[in-house]
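> let me see the structure of the following:
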Amino acid sequence: MKPEKPEPLCKVTMQYRSGAGKVFELESAGKMLDVHVTPREASDDAGKWQVAAHDRRSEGAIVISELGATRGEALEKVSRAWVAQMSERNLTPFDWTAVTSTLQAIRAI
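Take a look at the predicted model:
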């Protein structure tokens, strides 16, 4: 009998295109997180990629968005901003290492 695989810390429940970018709907420990990855048309000094994390799929969602030269850099900035603002904005805690690993595994970043 095969041992059961442990549940992943974070998994993609859906991914789809939204305009020029992609949206990745993730689940981590029963909590939902949507990550929007979009190339910027104007590649100025602010960065070529925009990553936005949404804490829920409703009108009142809190969105943290950052720019970066790469998708990974933009995601790293989002994760740092999320952690820094967690208590003041009452954000759901996420394992950003697991989120990053999951997105890297599907080549989203």
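
> below-threshold pLDDT in this protein: ranges please.
1-8, 43-46 (pLDDT under 70).

> give me the most central residue, it.
residue 35 (3.5 Å; C-alpha atoms, centre = their mean).

> who touches the host helix or strand of residue 50?
Assigning secondary structure by DSSP states H and E places residue 50 in strand 49-54. With contacts defined as C-beta atoms under 8 Å, 6 or more residues apart in numbering, strand 49-54 is touched by 21, 33-40, 61-71, 73-75, 77-78, 82, 109. The C-beta positions use only the backbone N, C-alpha and C, and glycine is treated the same way.

> and these, which of them are in strands?
21, 33-39, 63-68 (DSSP state E).

> would you state the helices of the chain in chain order?
71-89, 96-105 (DSSP state H).

> residue 48: which of these is closest?
Closest approach to residue 48 among the helices of the chain is made by helix 71-89 (8.8 Å; C-beta to C-beta).
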